[in-house]
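Visitor: would you be able to build a 3D model of this:
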Amino acid sequence: GDDGDDGDGRTTDVITVVVTDATGHVSSVAHAAVDTQDAYLPISGLQLHATSNAGHRGLFNLGNTCFMNSVLQCLLQVPQVIDYYRSQNYSEDINLQSTFSSHGQVSRTFAKLVSAIWQNDNSVPILQPRKLLQVMAARDSRFQGGMQHDAQEFFESFLDQLHEDVNAVSKKEYVDMAQVVEDAGTVAKGADAVWNALQTREQSHLLDIFQGQYHSHVVCPTCAHVSNNFDPMRFINLPITEPKDRIDVVVFVIETTESGEKKPVAQRLTLPVEPGVTPVSEIIAQAAVKMGCDATTLCLARWVESRVVKLFAPTETLSSFVSLYVQLAVLQVHDINDAATSSTNTRLVAVHHLHRPQLALDVCTECSKPPEKGALKPCPGCKCVAYCSTACQKGHWGEHKTQCLRFRKQSKNMSIPIVVRLCQDKGVSHQDVQTFRSSGVIATWFRWCIDQSRASSGSASPTTGAASSTAPAADGAEEGSRKYPPMGSIISVRTVVSDAKASGYLVPKQPTKAVVLPDTVTLTIDHWSSKNTGLPLQLDLNVLVPRTAANARPDVSLEDCLERFSKGVTLGEDDQWHCPKCKEFKQAVCTTELWRLPECLVIQLKRFSYKSIVFKSKLTTRVTVPTTLDVARFLPSPEEMGDAVPPANSKYNLIGTVNHFGALFGGHYTASAKHAVTGEWYNYDDHTVSLRADGPLTDASAYVLVYQRASSSA
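Guide: Numbers count the residues shown, from 1 in each chain. Next comes the predicted model:
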C-alpha cells in the first residue's frame with residue numbers, strides 16, 4: 001500500500017485485507033490502515049490479546065507466489081528479524097550511497113509487512129504482499145512475470161537484498177582472501193583474518209543473524225600440500241544421501257519361457273553394498289542371482305534419459321556414484337557376432353535408439369518446385385529439407401550447412417539401450433549388425449517401451465508378459481491388438497562425444513567386410529519420423545519402473561546428510577585442482593566443514609537435481625528432521641581450532657520449515673513455523689493458517705529448514 005501522514009508525524013500503511021468464509025473462499029476484500037509507529041515492545045515481552053491474530057496471519061497468493069509466502073512466514077517468526085524491523089532501527093541503517101542497495105525500498109516494504117503481521121488485534125486476517133513482490137522483482141528480474149520459482153532462491157535473494165539495504169559499507173574494496181589466509185600463518189588465525197577482512201565489505205544486522213563461516217581445505221594426493229579457504233555461509237546446502245549400505249538398480253533382461261517365447265522383464269532391486277569397497281562384479285552377481293541368469297551376460301550402466309553415459313568395469317567401485325541423483329541399470333550383454341563370442345579381446349558398446357525429426361515435404365527446398373519425376377531426395381544428414389535434383393542440393397548447401405547441424409541436434413534418445421560385445425581383433429560388418437537387428441532383441445525392448453508409454457497414458461494396457469515372440473512381427477505390423485510404429489532400419493556409427501554428428505554408416509559395398517571400430521564411436525539406431533507422438537522418448541528409470549513398498553527408500557537423518565556434507569570428496573577428472581607446490585592439476589581431496597556458526601541456521605535439503613537451467617528430477621526421500629539439532633560433532637576439533645574461540649552453544653531449535661509438494665513443474669509451497677511468542681506451531685498455506693497440534697511438518701516435503709540458536713530462541 002501507500003504511505004500516509006496523519007498530520008501528527010505518525011505514519012500509516014494502507015494494506016489490502018482479504019476476508020474468507022469458513023470454507024476458505026474469499027468473501028470480501030477491504031483496506032485497512034496499519035499504524036507502523038505503535039509503541040514498540042520486544043517480541044519476547046509482547047502480551048497478546050486473547051483474540052489477537054498477531055504472528056499468524058495469512059498471505060494472499062498473487063499468482064504462483066507460494067514460494068515467496070512460505071519463505072516470508074518463516075522469516076516473520078525469527079525474533080531478531082521481528083525486533084529489528086518493528087523497532088524501526090533498520091531505518092537508521094539504510095545505505096543511500098551503495099549501488100547494491102534499493103535505497104530502503106525493500107526494507108521499508110518488509111518492515112510494513114512485519115508490523116502488519118504482528119499488529120496486536122484481530123482486524124486483519126489476511127495480507128496481500130503485492131508491493132513486496134513488486135520491489136523484489138524490480139531488484140531481481142527472476143521474480144518478474146508471475147512464473148513459479150524456487151523458494152530457496154527467493155530466500156537467498158531476499159536476504160541478500162535486505163542486507164545490502166542496511167550494509168554499512170558503501171564502497172567494497174577487493175580483498176585477496178587467499179593471501180589473507182596465507183599471511184595469517186595458522187588455520188585459526190586465517191579464519192579470523194578472513195572474517196575481519198569480510199567486515200570491510202559486508203557489515204549489517206542481517207549478517208549478524210544469518211551469516212556463519214565455512215572452512216574448506218584441499219589436500220594434494222602427491223605432495224600432501226594443504227590449501228585452506230574460508231567462505232561466508234548463509235545457507236547450508238545439504239545433499240540427501242543414499243543409505244550407506246544399499247544401492248538401487250533396475251535390471252532389464254529377456255527371459256525365454258518354456259514355450260520358447262521371449263519375455264522382457266524389468267525389475268527394480270535394492271542390493272547391499274559397501275561404498276568404495278564392493279566391486280561392480282559383486283553387484284552384478286547379486287542381480288544375477290535374484291534374476292536367475294548368468295552374471296557373465298550382465299553389465300552395470302549409468303542411465304540418463306534412455307542413454308548409457310557410462311559402462312562400469314567389473315573391477316570398479318561405486319564410491320562416487322552412490323547418490324540419489326544417479327540412475328543405475330543392469331543390462332544384458334549380447335554378442336554381435338560369432339567372433340565376439342569366441343574372442344577374449346572384446347569391448348562393450350551401447351546401441352542407442354535415436355529419434356531423428358523428418359519433415360514431410362512436397363516441393364524442393366531450393367527451387368520450390370515439385371519433382372518432375374520420382375520423389376524428392378532428402379538431405380542425408382537431417383532429412384528436414386529435400387531437393388528435386390543434385391544441382392538444387394549443391395546450390396542450397398551453403399545456406400543449409402548450419403541449419404543442418406541444428407536439425408541434427410534436435411534428436412532425442414529413446415527406448416532402452418542395448419549393450420553388445422564387439423571383437424576388437426576381427427571387428428564387425430554391416431551384415432553382422434543387420435543380422436543382430438533382426439534377431440528380435442532390439443524389437444522386443446522397443447515394443448515393450450511403447451506398451452509402457454501407452455499404459456502410462458491410458459491408451460492401452462501394459463505388456464507385462466511377452467512383448468514379441470521368437471519371430472517378431474515386421475516393423476509397423478500389428479501384433480495381437482497392438483500396432484507398433486516402424487523401427488529404425490539403419491544402425492549408424494556415431495562419435496561418442498556428440499550423437500548429433502554422424503561419422504558414417506555400416507553399409508559398405510562389401511556387406512561382409514568387417515570394420516574394427518575405435519573406442520571413440522558408438523552405435524545408434526536411427527528412427528526417422530515426422531512425429532514423435534507415442535514414442536518412448538528420454539525415459540526416466542523412476543518413471544519407467546516405479547518403486548514399490550519392497551524397494552522404497554528408507555528415511556535418512558539430517559545428521560546423515562550433515563556427515564556426508566562434511567566428508568572429504570575426491571575431485572573428478574573434469575574438476576581438478578592446481579597444486580601450487582607440484583605446479584600440476586590434481587584430483588585432490590576437498591573437505592568442507594562448519595567453522596563459525598550464525599544465530600539463525602538455514603538449511604536447504606537438495607531435493608532437486610538440475611540439468612541446464614531446469615529441474616530434471618525431485619527426490620521424495622523423507623529426511624528425519626530433529627526439533628533440536630546439535631552440530632558440535634561437525635565443527636573442527638580443538639586442535640584444529642587452535643586459539644580460536646569455539647561457539648558458546650552449538651545447539652539449535654527448529655522454528656520453521658518450507659515444504660514443497662507435488663511435481664517439478666506443478667508443485668506448491670507451504671510453511672510450518674513456530675509462533676515467536678506462544679511457541680505454538682502453525683501451518684501456513686498462503687491465506688489459510690491453521691494450528692498444528694503435532695508440531696512442525698517434517699515429512700518428505702521438507703525443503704528448507706530454519707533453526708534458531710537454543711540460547712536465543714523464544
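Visitor: strands along the stretch 351-500 of the chain, start to end?
Guide: 377-378, 386-387, 412-423, 478-479, 482-483, 490-495 (DSSP state E, counting those that start in this stretch).
Visitor: list the contacts of Leu605.
Guide: 238, 240, 561, 623, 702-705 (CB atoms under 8 Å, 6 or more residues apart in numbering). C-beta: built from backbone N, CA, C; applies to glycine.
Visitor: from memory Phe608 sits against Ala151, does it?
Guide: No: contact criterion CB atoms under 8 Å: Phe608 and Ala151 do not qualify, at 10.9 Å.
Visitor: among those two, which residue is more densely surrounded?
Guide: The neighbour count for Phe608 versus Ala151, taken as other CB atoms under 10 Å, is higher for Ala151 (24 against 19).
Visitor: from Lys112, how far out is that one?
Guide: Taking CB to CB, to the nearest Å as the measure, Ala151 falls 22 Å from Lys112.
Visitor: also Val124?
Guide: To Lys112, Val124 is 12 Å away according to CB to CB.
Visitor: any regions of the stretch 201-350 of the chain where pLDDT drops low?
Guide: Within the stretch 201-350 of the chain, the stretches with pLDDT under 70 are 242-245, 275-276, 319-325.
Visitor: how about the helices of it, start to end?
Guide: Taking DSSP state H, counting those that start in this stretch to define them, one finds helices in the stretch 201-350 of the chain at 205-210, 280-291, 338-342.
Visitor: make TSV out of the ones you listed and add distance to Asp248 and mean neighbour count.
Guide: Listed next are the helices of the stretch 201-350 of the chain as TSV, based on distance: least, CB to CB, whole Å; neighbours: other CB atoms under 10 Å:
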stretch	distance to Asp248	mean neighbour count
helix 205-210	36	21
helix 280-291	11	18
helix 338-342	30	16
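Visitor: okay, the ones you listed in TSV with distance to Pro371 next?
Guide: Formatted as TSV, the helices of the stretch 201-350 of the chain follow (distance: least, CB to CB, whole Å):
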stretch	distance to Pro371
helix 205-210	70
helix 280-291	53
helix 338-342	44
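Visitor: Lys651: which of those helices is closest?
Guide: Counting by CB to CB, Lys651 lies closest to helix 205-210 out of the helices of the stretch 201-350 of the chain; the figure is 17.1 Å.
Visitor: need the CA coordinates for the closest one. CSV is fine.
Guide: Listed next in CSV are the C-alpha coordinates belonging to helix 205-210 (Å, rounded to 0.1, in the frame of the first residue of the first chain):
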residue,chain,number,x,y,z
HIS,A,205,22.5,-6.6,11.3
LEU,A,206,21.1,-9.2,8.9
LEU,A,207,24.5,-10.8,8.6
ASP,A,208,24.8,-10.8,12.4
ILE,A,209,21.8,-13.0,12.4
PHE,A,210,22.2,-15.3,9.4
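Visitor: tell me which element Phe154 falls in.
Guide: In the assignment (DSSP states H and E), Phe154 maps to helix 151-165.
Visitor: that helix: what's the following helix or strand?
Guide: As assigned by DSSP H and E, the chain's next helix or strand after helix 151-165 is helix 177-184.
Visitor: quick one, phi/psi of the residue lying closest to Leu75 once chain neighbours are set aside?
Guide: The shortest distance from Leu75 to any non-neighbouring residue, by CB to CB, 6 or more residues apart in numbering, is to Val81 (5.7 Å). Backbone geometry at Val81, expressed as degrees, to the nearest 10, gives phi -70, psi -50.
Visitor: next, count neighbours for Val81.
Guide: 24.
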